[in-house]
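A.B. asks: Here is the input, now give the coordinates:
(2 chains)
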Amino acid sequence: MYRIFVALRYLMRNWLNLVGIVAVALGVLVLICVLSVMKGFDQEFRARLRATVSDLVVESWGDETFGDYESLIEKIEALPHVEACAPRFEGVALIRMDPEGYGTIKRFGQFNGIVLEDEIETTDFADYWRASRGRAARERISEHFGAGASEEARKPAELPADAFDALVEGLRREDFDRLSAGQRDALKDAARRAGVDLQVVYQKSLAATPEWSEVENPDKYSPAFAGEELLDVGRDMDGNVVSLGVGSQVVVFAPTDVDKYQIRRTRVVGQFHSGLYDYDLRTLYLPLADVQRFMSKPNRVTSVNVRLDDFANANHVRAQLLGMLTPGELARGGRLVKPFLAKGDQVKFREFERHLEELRAKSEEWFMEGSPLVMNRTAAAEWELFTLVAKALEGNAESETRAAKSLREFRDFALERKLNPVAREFHVSTWQDKRRTFLRAVELERRMMGFILFFVILIAGFLVLSILHTTVITKTRDIGMLKSIGGTVGGIMSIFLLNGFFIGVIGSALGTVGGVLITNNINEIEAVLHRLIGFTLFPSNIYYLDRIPTDQAPLASTAAICVTAIVVSLLASALPAWKAARMNPVEALRYE
Amino acid sequence: MSSFLSARGLVKDYRQGKTTLRVLHGVSLDVAEGEFLVVVGASGAGKSTLLHLLGLLDTPTAGEIVVEGKGTSSLSRRARAWRRTVQFGFVFQFFHLLPDFSALENVMLPGMVRYSVFGWPRSRAEVRSRATELLERVGLGGRLGHRPAELSGGERQRVALCRALINEPQMLLLDEPTGNLDSKTGEAIHELIRELNTSSGQTIVMVTHDERAAERAHRVVRIRDGAIVSKK
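C.D. replies: I've put the predicted structure just below:
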């Protein structure tokens, strides 16, 4: 009984304990606040990231395009949980703008060829486009994007007033073709003088692709939907942001090969604002039909976006998609199996089994990671190989007992996950896979912050240690006395351990309350700070956020923080407590 | 009178760095039940050490202490601690009251040591009333809530005495109980101790350098340089 009694009394009678409590509370408070704010950021950016990507993205291997996407979409839309699909043609581009008085601006970025109605069905495009500064009318956008080519774009192509300028800005094949031989030579001369490599454009003009020539009415301009940061070209003399407005010209240089690129002029018909600076700085939405045309890939897309009823079904649908999209490439494995078959019964089972083990381990890794690359072609071929080997060895008793068994196990393992280990022509990613780098960075950041701030609690622990050490020193005679009335080693130890424990518990409780209060009122606190010292803690333009986002740290992590703080306090008090317990009572009592 | 405690050939060495200091050179001593024994010796003679050994607060280098016919050398630390709680009561020259606790709480403390967290609620009232009673008996009934700092030297030693008595020990061990008090207050404490012995037959061992204190004892043992020189 005396343990608790004495510990509580020591706790209350020594103001130093208050210092320890405050230290622990501050540590807990800071951790909770920072983690809450970071979680808030995380949530906020997840929501924004989410807005630009659909739940699932079906892509072909590599950056190849694929055709016949309409029938694919039909198939996908027939699946349960699928709400909508949208084709996309994505590509990288050099984006060039020539705002009057601001020189030439070139930015590396990307273009997304979309069908507006479908895009709105699969992503939150409609929302962030509405949030755009331009507040362009939805009707106008639909008009430009709807069928692909717009009325404005259908205007007869203007011949450039100055051929050379036009070339630099993005002379197109037809324009070049219209020139006479003399004009072409003059243009080449001008290009040479200006140090511009005309060769690429020239060659391109000569090697007109049949797809291109089939296009009846090539428009000079594509309507473009640009991120609002992309259109920011600078500031005027008063410091106001100057943006390219609707109707401005933006030129897209899209590489089609290592030494070839396509040039497309576009006109801005609207802005969008996704809230992701980088995305808004580098992205241009173009009508899918236009992109297909100028990339010379008619009726081909790079990906199909899939919107689900609930993202929780993503893995289920993905597995179904992978099963469905499997092409009949099984024969490929047949070629690999020959060397093995040639050996016939001489196949080394050990080697075979080890190989199988490796393959299984690899595939297990893929499954666990939920990687879109469920299995690559090699693995699939190997799988096929093993199946064939097993078949060839069916009569063999030994293979029946060992190799076949392993094979069966592996097959069952794969089937269990409804994923047939065969080659994929497509891979299917969730939006999280697509934005993995960013999500991981945020996650890692949060973990690192937690780890670093854990040291604040550790420091509080050291403070508790020194406080308790002082207590033990000043209570030497008390300890001697307690021993003389029968206090045991454990008893004396627990007095000081309890002291540390109480510091931890009270500190954690105060820290949690404080942390939650601060987290919930962080914007008000920021406002007060701003008024008092005139320093903006959180400039709203950096993150596009007008207030600090917070999200209550989940109960589990709050509990983890508190438990950590209490354990650290306990550990910190262990050393002084041990010292106290080991004290010789006779020594302790000897002197006044 | 039967022998409650007997010490046989107690030797105690203190190690100070490389040298070993022998404080007691084979002390043998019997304490009978109800006896008031005074050990007299100059400071440094080893009398405090002897008292600590008798009260199982320290362990002898050689020799043994027999309590109620049973040897104590084989007892565990826990068992020795338990005996200190229930069989022995210590009073020290410097009182050693816990400064953070009131007089009443100081007296009740050994009671708390005695009972566990679960036993305490049942025994609390009893221990409390006994502590109050003891303090009233020594004339401190009005100072229960005072902290040691608010009490005079004599009052503090009376509180210490009460604390030693709270668990009704079989033996009271007093280490220069008046050494830090003026003679008049010391006299009152001595009177109290003697009265305790005569009225309730409390077994008492007191060590002191004060020859006058020995006058009231049943028996006086003189100790010099760690050995008993005379018994009376």
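A.B. asks: pLDDT value on the closest residue to chain B within chain A, please?
C.D. replies: Scanning chain A for proximity to chain B using C-beta to the nearest C-beta identifies A:Gly486 as nearest, at 2.9 Å. Any C-beta I mention is one placed from the backbone N, CA and C, and that applies to glycine too. Per-residue confidence for A:Gly486 comes out at a pLDDT of 88.
A.B. asks: again, but for A:Lys475
C.D. replies: According to the per-residue confidence, A:Lys475 scores 91 in pLDDT.
A.B. asks: So what's the residue count around it?
C.D. replies: The local packing count at A:Lys475 equals 24, with neighbours defined by other C-beta atoms under 10 Å in any protein chain shown.
A.B. asks: Tell me the spacing between B:Asn180 and B:Leu29.
C.D. replies: Applying C-beta to C-beta, to the nearest Å, one obtains 25 Å for the distance of B:Asn180 from B:Leu29.
A.B. asks: The two: which is more packed in?
C.D. replies: B:Leu29 (22 against 17).
A.B. asks: Which of the three states applies to the spatially most central residue of chain B?
C.D. replies: For chain B, the residue sitting closest to the mean C-alpha position, by C-alpha atoms, centre = their mean, is B:Leu173 at 2.1 Å. With DSSP: H, G, I helix; E, B strand; the rest coil as the basis, the three-state label of B:Leu173 is strand.
A.B. asks: For chain B, what lies in contact range of chain A?
C.D. replies: With the criterion set to C-beta under 8 Å from any C-beta of the partner chain, chain B comes near chain A through B:48-49, B:52, B:55, B:57-58, B:77-78, B:81-86, B:90, B:92-94, B:96-101, B:109-110, B:112-117, B:119-120, B:163, B:180.
A.B. asks: give me that answer again for 6 Å
C.D. replies: B:52, B:57-58, B:78, B:81, B:84-85, B:90, B:94, B:96, B:98, B:100, B:110, B:112-113, B:115, B:117, B:120 (C-beta under 6 Å from any C-beta of the partner chain).
A.B. asks: How many neighbouring residues does B:Leu181 have?
C.D. replies: Counted with other C-beta under 10 Å, the burial measure for B:Leu181 works out to 21 neighbours.
A.B. asks: can the helix or strand hosting A:Leu453 be found next to chain B?
C.D. replies: Assigned by DSSP states H and E, A:Leu453 belongs to helix A:436-474. No: residues of helix A:436-474 are not located near chain B by C-beta under 6 Å from any C-beta, the shortest gap being 9.5 Å.
A.B. asks: helix, strand or coil for the nearest residue to A:Thr519 once chain neighbours are set aside?
C.D. replies: Leaving out its chain neighbours, the residue that sits closest to A:Thr519 by C-beta to C-beta, 6 or more residues apart in numbering or on different chains is A:Ser36, at 4.2 Å. For A:Ser36, the reduced secondary structure class is helix; criterion used: three-state DSSP.
A.B. asks: wait, isn't A:Ser36 in contact with A:Asn520?
C.D. replies: No: counting by C-beta atoms under 6 Å, A:Ser36 stays clear of A:Asn520, with 8.9 Å between them.
A.B. asks: ok, B:Arg137 to chain A distance?
C.D. replies: Separation of B:Arg137 from chain A (C-beta to the nearest C-beta, to the nearest Å): 20 Å.
A.B. asks: What pLDDT is listed against that residue?
C.D. replies: Predicted confidence (pLDDT) for B:Arg137: 89.
A.B. asks: Nearest residue to it in space, please, no chain neighbours.
C.D. replies: B:Cys162 (7.9 Å).
A.B. asks: Over to B:Glu150?
C.D. replies: B:Arg143 (7.8 Å).
A.B. asks: Can you report how many residues lie near B:Gly44?
C.D. replies: By the other C-beta under 10 Å criterion, the neighbourhood of B:Gly44 contains 13 residues.
A.B. asks: To clarify, my last question referred to B:Pro110.
C.D. replies: Other residues close to B:Pro110 by other C-beta under 10 Å number 28.
A.B. asks: now the residue nearest to B:Glu150: how far from chain A?
C.D. replies: Here the criterion is C-beta to the nearest C-beta. By it, B:Arg143 lies 19 Å from chain A.
A.B. asks: Ok, B:Ala227 next?
C.D. replies: If you measure B:Ala227 against chain A using C-beta to the nearest C-beta, the figure is 20 Å.
A.B. asks: Report whether the expected contact of that residue with B:Leu24 is present.
C.D. replies: No: B:Ala227 is not in contact with B:Leu24 according to C-beta under 6 Å; the separation is 7.6 Å.
A.B. asks: any idea which element the nearest residue to B:Ala188 once chain neighbours are set aside lies in?
C.D. replies: Using C-beta to C-beta, 6+ apart and skipping the chain neighbours, the partner closest in space to B:Ala188 is B:Gly154 (6.3 Å). B:Gly154 is part of helix B:153-165 when elements are defined by DSSP H and E.
A.B. asks: Mind listing what's buried along the helix holding A:Leu453?
C.D. replies: Under the neighbour-count criterion of 16 or more other C-beta atoms under 10 Å in any protein chain shown, helix A:436-474 has A:439, A:442, A:446, A:450, A:453-454, A:456-458, A:460-461, A:463-465, A:467-469, A:471-472 buried.
A.B. asks: where's the residue of chain B found nearest chain A, which helix or strand?
C.D. replies: As assessed by C-beta to the nearest C-beta, chain A sits closest to B:Thr85 within chain B, at 2.9 Å. The secondary structure element spanning B:Thr85 is helix B:77-86 (assigned by DSSP H and E).
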